[in-house]
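Undergrad: Pasting the sequence and the predicted model now:
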Amino acid sequence: MMIALTVLSFLTLLPLHFAKPAPRKSFTEMFKCKLNFISMDQAQKAVQLGCSQMQVALPTSLFPASFIESELFDLTNIVLFTWPVFPFDNVLREDHGRNRVVFDSSCRLVGLIHIKPTGPERCLHLMEVEDLNIAHDFEVYNTRWTSLQLYGYKYDNEFYSKNSVEEFVNSNFKSFRGIKKKKEILDLYPSESTNLDSRYLACTILPEPGVIKLTRMKKIRRVVISSNKRIIGICRKKEIIWKPLAELRYLDDLYRANVVLKRKPEVGFAKLQSMNYNGIHLSVFMLRSHLIMACNALTKKKMGIDLDLRYPLRTNIEAIPDRPMLTWPLRIPENSFHDERDIRLVIDERCNLMGVTSQNPKSSFP
């Protein structure tokens, strides 16, 4: 059966764009996926690896994969892509874990997701700051740090959510005692949030990740509050010096507003239509996202920028006499129930979509 040929206009690709990293070492932009904290640097490295694998990985590879649940990030009419991400080195590995970076066809990081049995869940986007005195005057995405909603407190693998600390204070308020060396502790926090003339209390807790328990053991962790139960912070003892645990504040809304939602929409390919291929629905948005990637790679090959790319790959398919054809892998969603994963778009050297094919002889391109 012949597949109708569609001539499509070439799209000028969006430039590669990454979110700017935090300007100070004491600030770390990160994501929390269940119990894992993944830095923005690791996320961006995973995006770079996943984006490069779009042009190299075999069509039968599980990753990169299409991601059709873009509504998780308040985006519509678009198909995104995913690649596994880890808290440390992001390299090719058989163990994919359950955390994924999500990026668009211009290799822009959209966010992170955690794969649950019930489906994907968006990871929290956070900013960690260690030096709280510096943080008071810090701005992130043109918003003052102090205006961001507090999420919790962190030190290495220790994390205490704001809600759990509040519950602890309310349940154990009678166990709090006045601070003897008040200035030593209050100097750890911005002067705008403390006052030496006021009364402050502290309570010793066990240093356990995610758990707040009273203890009479050696005082190496303290919850510090005001006399009216306002939480000042948690501090830890390093040798003979007290230091504050880092604060974590939400960045989800800011990042979406300043980066994700300001991205230019994927346009072009006006005559593109959805199609069904071997029982698999290929939406306009899925086809468009893949074509943008394919056209970008094709342009690189023509300009001699990256000659190591496997795709687009020349093929012996002859849709139009004397016009060379190329194929580009169509990445199936990770949770797809279809056995057919070796699906490829067929394009000409002008980046016009000519059809769809696969290695299955029963469903090959005519």
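TA: Perfect, thanks for sending it. A quick note: this is a predicted structure, and the numbers were derived from the prediction, not measured.

Undergrad: The nearest residue to Asn90 once chain neighbours are set aside and Val169, how far apart?
TA: Distance criterion CB to CB, 6 or more residues apart in numbering; nearest residue to Asn90, sequence neighbours excluded, is Ala46 at 4.3 Å. Any C-beta I mention is one placed from the backbone N, CA and C, and that applies to glycine too. In this structure, Ala46 and Val169 are 38 Å apart, going by CB to CB, to the nearest Å.

Undergrad: returning to what we had before: show the backbone phi and psi for the residue nearest to Asn90.
TA: phi -70, psi -40 (degrees, to the nearest 10).

Undergrad: same check, this time on Leu186
TA: phi -70, psi -30.

Undergrad: Neighbouring strands - and their directions - for the lowest-mean-pLDDT helix or strand in the chain?
TA: In the chain, the helix or strand scored least confidently by mean pLDDT, DSSP states H and E is strand 313-315, which has a mean of 76. Paired neighbours of strand 313-315 in the sheet (DSSP bridges): strand 325-329 (antiparallel).

Undergrad: Could you pull out the strands in the stretch 201-350 of the chain for me?
TA: Applying DSSP state E, counting those that start in this stretch to the stretch 201-350 of the chain gives strands spanning 221-226, 231-238, 241-244, 246-250, 275-277, 280-282, 313-315, 325-329, 343-348.

Undergrad: gap between the helix or strand following the last one and the chain center?
TA: Moving toward the C-terminus from strand 343-348, the first helix or strand encountered (DSSP states H and E) is strand 353-358. Its chain's average C-alpha position is 31 Å from that of strand 353-358, according to CA atoms, centre = their mean, to the nearest Å.

Undergrad: Pull strand 353-358 out as CSV, backbone CA atoms only.
TA: Extracted C-alpha coordinates of strand 353-358, given in CSV (Å, rounded to 0.1, in the frame of the first residue of the first chain):
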residue,chain,number,x,y,z
LEU,A,353,8.5,13.6,5.8
MET,A,354,8.0,10.9,3.2
GLY,A,355,6.5,8.1,5.3
VAL,A,356,7.1,5.6,8.1
THR,A,357,8.9,2.3,8.0
SER,A,358,10.2,-0.5,10.2
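
Undergrad: Next, the angle from it to strand 343-348.
TA: 150 degrees (axes from the mean of the first three to the mean of the last three CA atoms, to 10 degrees).

Undergrad: so what does the one helix or strand Phe159 maps to touch, helix or strand wise?
TA: Phe159 belongs to strand 158-161 when assigned by DSSP H and E. For strand 158-161, the packing partners by 3 or more CB pairs under 8 Å, 6 or more residues apart in numbering; DSSP states H and E come out as strand 150-155.

Undergrad: In the strand it packs on, which residues are buried?
TA: Neighbour-count burial for strand 150-155, with 16 or more other CB atoms under 10 Å as criterion, is recorded at 151-155.

Undergrad: Looking at these, which is nearest Leu282?
TA: Tyr151 (39.5 Å; CB to CB).

Undergrad: can you tell me how far that closest one sits from Glu247?
TA: From Tyr151 to Glu247 the distance is 8 Å (CB to CB).

Undergrad: Please tell me I have it right and Gln53 contacts Trp83.
TA: Yes - with contact defined as CB atoms under 8 Å, Gln53 counts as touching Trp83 (7.0 Å).

Undergrad: Tell me which of these two has more neighbours.
TA: Legend: neighbour count by other CB atoms under 10 Å for Gln53 and Trp83, higher for Trp83 (24 against 18).

Undergrad: Which residue or residues pair with that one through a beta bridge?
TA: Under DSSP bridges, the beta-bridge partners of Trp83 are Val101.

Undergrad: hmm, back to that, pipe the strands of the stretch 201-350 of the chain into a markdown table and attach distance to Lys182 and mean neighbour count per row.
TA: A markdown table is the format used below for the strands of the stretch 201-350 of the chain (distance: least, CB to CB, whole Å; neighbours: other CB atoms under 10 Å):
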| stretch | distance to Lys182 | mean neighbour count |
| --- | --- | --- |
| strand 221-226 | 10 | 22 |
| strand 231-238 | 11 | 18 |
| strand 241-244 | 12 | 16 |
| strand 246-250 | 21 | 21 |
| strand 275-277 | 71 | 14 |
| strand 280-282 | 66 | 16 |
| strand 313-315 | 70 | 13 |
| strand 325-329 | 64 | 23 |
| strand 343-348 | 67 | 22 |
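
Undergrad: Can you convert those into TSV and add a column each for distance to Ser70?
TA: Putting those into TSV (distance: least, CB to CB, whole Å) gives the following:
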stretch	distance to Ser70
strand 221-226	41
strand 231-238	37
strand 241-244	38
strand 246-250	21
strand 275-277	20
strand 280-282	16
strand 313-315	28
strand 325-329	20
strand 343-348	20
